[in-house]
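Q: sequence plus predicted model, see below.
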Amino acid sequence: MKISVIGAGALGTFYAAMLAASGQDVTLVCRPKYREALEKGVQVDGVFQATAKPRISDRPVPADLVFTAVKSYDVEAAVEGLSFNPGTLVVVISNGLGSDEAAAAKIGSCRVAAGVSYSGVVFLEPGRVHVAGYTETVLGSTDPGARDRLDMALIALEKAGLKARIADDIRAAQWEKLFANVGINAITAITGLKNGMLLEIPELKALVTAAVSEAGEVARAAGIRVGVDPVEQTYRVIRDTAGNRSSMLQDVTKGKRTEIDVLNSKIAEIGRACGIPTPVNDTITALIRGIEHRHQ
Ligand SMILES: NC(=O)C1=CN([C@@H]2O[C@H](COP(=O)(O)OP(=O)(O)OC[C@H]3O[C@@H](n4cnc5c(N)ncnc54)[C@H](OP(=O)(O)O)[C@@H]3O)[C@@H](O)[C@H]2O)C=CC1
Ligand SMILES: CC(C)(CO)C(=O)C(=O)O
């Protein structure tokens with residue numbers, strides 16, 4: 001089976017290295033600027049250690065199983081120009097809501113699954129990443145056609161030594177991770193603090209709790225049946241990733257665009273549609289917009 005991983009940033013390098021190190025046929029699709037460095041091989045350290053030499057390409061390649069590991073705002077462009085076998089499955093691994101739907105609108109929902117990654121991976125340099133934590137990858141699709149092929153992705157990840165499971169309700173699974181991202185990402189990006197400090201400073205703990213409680217109310221109003229308490233789930237992820245610099249903190253540090261649109265801003269947007277006020281998420285969104293503006 002041919003596997004391609006699109007995006008040689010933190011998460012893509014991690015998955016490609018693990019899959020390739022387990023002997024699977026993997027192509028890592030990168031930006032042209034990274035190609036030369038990646039051709040020397042990729043390396044993972046931290047809670048996993050792996051070195052591997054996946055094939056490297058600076059354009060999409062035909063594959064049976066594709067993982068996209070790009071920011072939510074890059075997903076549509078990443079799936080454009082993919083060529084498919086009849087059975088190709090594209091697993092969109094992104095935080096937040098809407099990325100797999102954006103991909104499905106471009107290439108058809110029967111080809112698309114979503115991946116929810118409980119990991120904390122830091123990009124060190126092209127081809128080298130540090131894994132601060134990994135719990136599992138949750139896979140799922142709303143389209144029965146794609147659901148039939150999820151086993152292919154599950155088996156590939158398990159062969160790579162990565163815990164994974166298929167969720168019956170992928171939307172609920174995405175919301176369960178979203179709660180943690182709504183509580184952690186923007187507030188660490190604004191304060192510059194590692195995740196764990198959010199439980200150490202009482203005022204920040206209260207802010208996290210307020211933002212996530214709003215998200216919980218919005219989920220209820222939107223008819224999402226989550227299997228966790230939103231606030232407890234967020235505290236658990238904070239404890240599990242205490243030493244992490246969140247992906248949004250990494251983005252603002254590099255002056256990059258953030259994923260606020262699919263996180264706190266998305267909660268506010270769905271809240272408006274359901275008639276649930278979200279003043280805390282509105283304020284957090286405004287502050288991140290200001291930080292993004294600073295870098296423009
Ligand atoms: N890092 C983490 O620990 C976790 C991340 N996630 C989620 O996973 C997704 C990816 O995150 P992360 O790996 O951190 O992001 P990064 O920014 O580190 O990596 C994304 C990479 O993809 C590249 N890219 C974008 N479009 C294409 C394309 N069409 N072809 C080839 N390369 C492309 C980017 O290049 P360029 O920078 O030049 O645009 C960048 O190198 C995000 O949605 C994130 O929220 C989820 C859980 C944990
Ligand atoms: C779980 C968490 C918050 C880990 O830092 C993450 O997903 C991120 O940083 O985007």
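A: Good, I have the coordinates. Numbers count the residues shown, from 1 in each chain. Ligands and ions are numbered 1, 2, ... in the order given.
Q: residues contacting the residue in the chain that ligand 1 sits nearest to?
A: The nearest approach of the chain to ligand 1 comes at G9, 1.7 Å away (C-beta to the nearest ligand atom). Just so you know, the C-beta spots here come from the backbone N, C-alpha and C atoms, and that holds for glycine as well. If you count contacts by C-beta atoms under 8 Å, 6 or more residues apart in numbering, G9 has them with A69, V70, F123.
Q: just want the most central residue of this protein.
A: Computing the C-alpha centroid of the chain and ranking residues by C-alpha atoms, centre = their mean puts S94 first, at 3.0 Å.
Q: on that earlier part again, backbone phi and psi for the residue of the chain closest to ligand 1, please?
A: phi -90, psi -150 (degrees, to the nearest 10).
Q: buried residues, the worst-scoring helix or strand of the chain on mean pLDDT. List them.
A: Of the helices and strands making up the chain, the lowest-confidence element is helix 144-147, at a mean of 88, by mean pLDDT, DSSP states H and E. With burial defined by 16 or more other C-beta atoms under 10 Å, the residues of helix 144-147 counted as buried are A146, R147.
Q: hmm, E80 is touching A105, no?
A: No: the criterion here is C-beta atoms under 8 Å, and E80 misses it with A105 at 11.2 Å.
Q: just to revisit the earlier point, ok, the nearest residue to the residue nearest to the centre of the chain once chain neighbours are set aside - contacts?
A: Here the nearest residue to S94 in space, its sequence neighbours aside, is S72; by C-beta to C-beta, 6 or more residues apart in numbering that works out to 4.8 Å. For S72, the contacting residues are S94, N95, G96, G98, S99, A102, E259, D261, V262, by C-beta under 8 Å, 6+ apart.
Q: go on, R55?
A: Residues touching R55, when contacts are defined by C-beta under 8 Å, 6+ apart, comprise D25, V26, T27, L28, V61.
Q: is it in a bridge, and if so with what?
A: T27 (DSSP bridges).
Q: okay, it and T27: tell me how far apart.
A: Note on R55: its distance to T27, by C-beta to C-beta, to the nearest Å, is 4 Å.
Q: do S265 as well
A: In this structure, S265 lies at 34 Å from T27, with C-beta to C-beta as the measure.
Q: what's the burial count for Y34?
A: Under the neighbour criterion other C-beta atoms under 10 Å, Y34 is assigned a count of 18.
Q: my read: it touches F123, true?
A: No: Y34 is not in contact with F123 according to C-beta under 8 Å; the separation is 10.6 Å.
Q: and the residue nearest to V252 when sequence neighbours are not counted, what helix or strand is that in?
A: Leaving out its chain neighbours, the residue that sits closest to V252 by C-beta to C-beta, 6+ apart is A189, at 4.7 Å. In the assignment (DSSP states H and E), A189 maps to helix 170-191.
Q: that helix: how far from the chain's middle?
A: Taking the mean C-alpha point of helix 170-191 and that of its whole chain, the gap between them comes to 10 Å (C-alpha atoms, centre = their mean, to the nearest Å).
Q: report all helices and strands that the host helix or strand of M152 contacts.
A: Using DSSP H and E, the secondary-structure element containing M152 is helix 150-159. The contact analysis (3 or more C-beta pairs under 8 Å, 6 or more residues apart in numbering; DSSP states H and E) places helix 150-159 against helix 10-21, strand 63-68, strand 84-93, strand 112-125, strand 128-140, strand 164-166.
Q: nearest to ligand 2, of the ones you listed?
A: Ligand 2 lies closest to strand 112-125 among the helices and strands packed on helix 150-159, at 4.4 Å (C-beta to the nearest ligand atom).
Q: does ligand 1 have contacts with the closest one?
A: Yes: for strand 112-125 and ligand 1, the contact criterion (C-beta under 6 Å from any ligand atom) is met by S117, S119, G120, V121, F123.
Q: repeat for stretch 249-266
A: Yes: with C-beta under 6 Å from any ligand atom as the threshold, stretch 249-266 lies in contact with ligand 1, specifically through E259.
Q: list of residues touching that stretch?
A: Identification of contacts with stretch 249-266 by C-beta under 8 Å, 6+ apart yields 10, 71-73, 94-99, 122-123, 178, 181-182, 185-186, 188-189, 192-193, 211, 245, 247-248, 281, 284-285, 288-289, 291-292, 295.
Q: swap in 6 Å and give it another go.
A: Contacts with stretch 249-266, where a contact means C-beta atoms under 6 Å, 6 or more residues apart in numbering, come from 71-72, 96-98, 181-182, 185-186, 188-189, 248, 281, 284-285, 288, 291, 295.
Q: and if you look at stretch 32-41?
A: Contacts for stretch 32-41 (C-beta under 6 Å, 6+ apart): A8, C30, T51, K53, I56, D58, P126, G127.
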